[in-house]
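A.B. asks: okay, structure incoming, though there's no sequence with it:
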């Protein structure tokens, strides 16, 4: 496969999983898929296909990081494609984590849908907003009285406390 094809394939392979997270959050298969690392595997295979031919330059760029080294790596088609596939796989990992956290904290899918879409496009912004939302949701869940029954529980003698 050519580098441009592999570059395009990285996102094409991840897109159906993003669609599930955003468009079908209540479907039980979405929960199962979001809990699995398998959706990332095809994207990581694309990464390997792009990274192996430029491994010496990739290793040089990551083992002694400096701007010039990364710029040189990105000038190589396979190097830029490998970085792209790595970003796509990492973004999918983040999206799956955000989805699971949101479900656990009962964050409404209509809030999470746009946030996940933002994460697909600009993951640092999406993740930062999600972390703020997550912190607020956790405070809401820990608030005194949250999660307690509205009516006092009966004691052993049958009286309410």
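C.D. replies: Here it is on my side, so go on. A quick note: this is a predicted structure, and the numbers were derived from the prediction, not measured.

A.B. asks: where are the low-confidence patches of the protein?
C.D. replies: Within the chain, the stretches with pLDDT under 70 are 144-161.

A.B. asks: at 50 what do you get?
C.D. replies: 148-155, 157-161 (pLDDT under 50).

A.B. asks: what's the first helix or strand after the longest helix along it?
C.D. replies: Longest helix in the chain by number of residues (criterion: DSSP state H): helix 77-104. Later in the chain than helix 77-104, the nearest helix or strand by DSSP states H and E is helix 109-121.

A.B. asks: mind listing what's buried in that next one?
C.D. replies: Neighbour-count burial for helix 109-121, counted by 16 or more other C-beta atoms under 10 Å, picks out 109, 112, 115, 116, 118, 119, 120. Using the backbone N, CA and C atoms, a C-beta is placed for each residue, glycine as well.

A.B. asks: re earlier: in the longest helix of the chain, which residues are buried?
C.D. replies: Buried residues in helix 77-104, counting neighbours by 16+ other C-beta under 10 Å, are found at 77-86, 88-89, 91-92, 94-96, 98-99, 101-103.

A.B. asks: neighbouring contacts of stretch 23-32?
C.D. replies: With contacts defined as C-beta atoms under 8 Å, 6 or more residues apart in numbering, stretch 23-32 is touched by 20, 21, 99, 103, 109, 112, 113.
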